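**Q** please work out how this folds:
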Amino acid sequence: MKKIVIVGGGIAGLATARVLQNQGYYIKIIEKQPEWQISGTGLYLPSNGVVALDKIGLAATAREKGFIIDYRNIKNAKAEAILDLDLEKIWEREKPCLGIKRKALHDILIDGLNTIDISFNTTIKNLKANPNSVAIELSNGSKEEYDLVIGADGLYSKTRNLVLGDIPLRKVTTQVCRFIIKKPKDINSWTLFISSVGQFLIIPVDKNSAYCYVNRKTKGFKTYDKRQYMEPFKKFASPVPEILNEWNPDDAYWNDLEELPKLPVMGSSRVVLIGDAAHGMPPFMAQGGALALEDAIVLSGLLKNNDWNTMASTFSKNRSNRIDWTRARNQKREKLSKLPYWIAKLGLKKVGEKNWTEDYKPLAKIPNW
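**A** Okay, the predicted model is just below:
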């Protein structure tokens, strides 16, 4: 029986374990946390991610636990419409996208992992490629040997560092804020309020809850006192002020946005990188979770009929066009997000739907799994 170790128990790692568990392999997940500790925020899953969940057999459950998103509405600070996007039209399928709590998706992926060994409070310390295997040393001192190592350990991947060396990330912006709220009664779609001060995004994640993502515009990488960060948004139209009246900065999640440069190969030999470890990028296209789910399915298929000694190269060749497209369009959206507000508003009104459709058109095509 071939042995596979998955480093990291996030979306990419769990989805891969879920797909592989009944294919005749011994599978072990190593997770650095002492127990499952999932960010208390939400996730917007574009339609290609929902299609991937369908392929895994979990989309129906995810739709029940989450909130179906079929429109994107972009408004100014007075809640006047700038752009309304019909997502069924853009993706050419019904019930195309999904808002869901990260923990809910995590629990859906875990449920049914009955044959997988999971080692918590464990990280990969070292690895050595042998002709037909990979020897690894874990943080607990144990030494083990596997036929394949899958690095699903996120943007700051230790696995990537071990096989490819230190690859500096590109800082995109500082201090974005994410938090969960009670869903406002009138918010039933992906709803973005924009002005010269920044962006305030609200996404329903179930019938009672919504996920907020807030990015205040700054010059360079300036940061604000957390308690002052939201002050300009309090002048926005309802429901933003009401949300902020109940908001506690200490209950929010704060982080910078960074991008991993393109990797020539997503791994090396029998060590394959997936998810953010392979192609981490800021959420302008909201493709982090979707691409991770796709990675799991694609890798599973490739393992059946391809040489594992060159699996990193085989996987990279299969995924590079789709990921490169996403990265390029993501970088384009990043530039647009930094334009003066009046230019961005004009562009959204004139060519917003055209650009959005072009951005997602290749991703709307179901991959050759």
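**Q** check the gap between residue 355 and residue 85 for me.
**A** Residue 355 sits 10 Å away from residue 85, going by CB to CB, to the nearest Å. All C-beta spots, glycine's among them, are computed from the backbone N, C-alpha and C.
**Q** what of residue 361?
**A** Counting by CB to CB - residue 361 and residue 85 are separated by 14 Å.
**Q** neighbour-wise, which of those two wins?
**A** Comparing residue 361 with residue 85 by neighbour count (other CB atoms under 10 Å), the higher total belongs to residue 85, at 19 against 13.
**Q** which ones are touching that one?
**A** With contact set as CB atoms under 8 Å, 6 or more residues apart in numbering, residue 85 has these partners: 71, 72, 73, 74, 352, 353, 356.
**Q** touching the helix or strand the fourth one falls within from outside, list them.
**A** In this case it means residue 74. Residue 74 belongs to strand 71-76 when assigned by DSSP states H and E. Residues from elsewhere that reach strand 71-76 (CB under 8 Å, 6+ apart): 81-87, 189-195, 237, 345, 348, 352, 356.
**Q** give me the neighbour count for residue 4.
**A** Residue 4 has 24 nearby residues by other CB under 10 Å.
**Q** quickly run through the sheet partners of the host helix or strand of it, with directions.
**A** Assessed by DSSP H and E, residue 4 sits inside strand 3-7. Applying DSSP bridges to the sheet, strand 3-7 is found paired with strand 26-30 (parallel), strand 148-151 (parallel).
**Q** how about those in a markdown table, adding distance to residue 174, mean neighbour count and mean pLDDT?
**A** Putting the strands paired with strand 3-7 into a markdown table (distance: least, CB to CB, whole Å; neighbours: other CB atoms under 10 Å; pLDDT from 0 to 100) gives the following:
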| stretch | distance to residue 174 | mean neighbour count | mean pLDDT |
| --- | --- | --- | --- |
| strand 26-30 | 31 | 20 | 98 |
| strand 148-151 | 27 | 29 | 98 |
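**Q** can you tell which of the ones you listed is closest to residue 49?
**A** strand 148-151 (19.1 Å; CB to CB).
**Q** C-terminal to the closest one, what's the next element?
**A** Next element after strand 148-151 (DSSP H and E): helix 158-164.
**Q** what mean pLDDT does that following helix have?
**A** Averaging the model's pLDDT scores along helix 158-164 yields 98.
**Q** which strands or helices does it pack on?
**A** With contacts defined as 3 or more CB pairs under 8 Å, 6 or more residues apart in numbering; DSSP states H and E, the packing partners of helix 158-164 are strand 124-130, strand 148-151, strand 267-268, strand 271-273, helix 276-279.
**Q** those: which one's closest to residue 168?
**A** That would be helix 276-279 among the helices and strands packed on helix 158-164, by CB to CB, at 15.1 Å.
**Q** which ones among the contacts of strand 71-76 are found in strands?
**A** 81, 82, 83, 84, 85, 86, 190, 191, 192, 193, 194, 195 (DSSP state E).
**Q** select only the buried ones of these in PyMOL?
**A** Remark: buried members of these, expressed as a PyMOL selection using 16 or more other CB atoms under 10 Å:
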select buried, resi 82+83+85+190+191+192+193+194+195
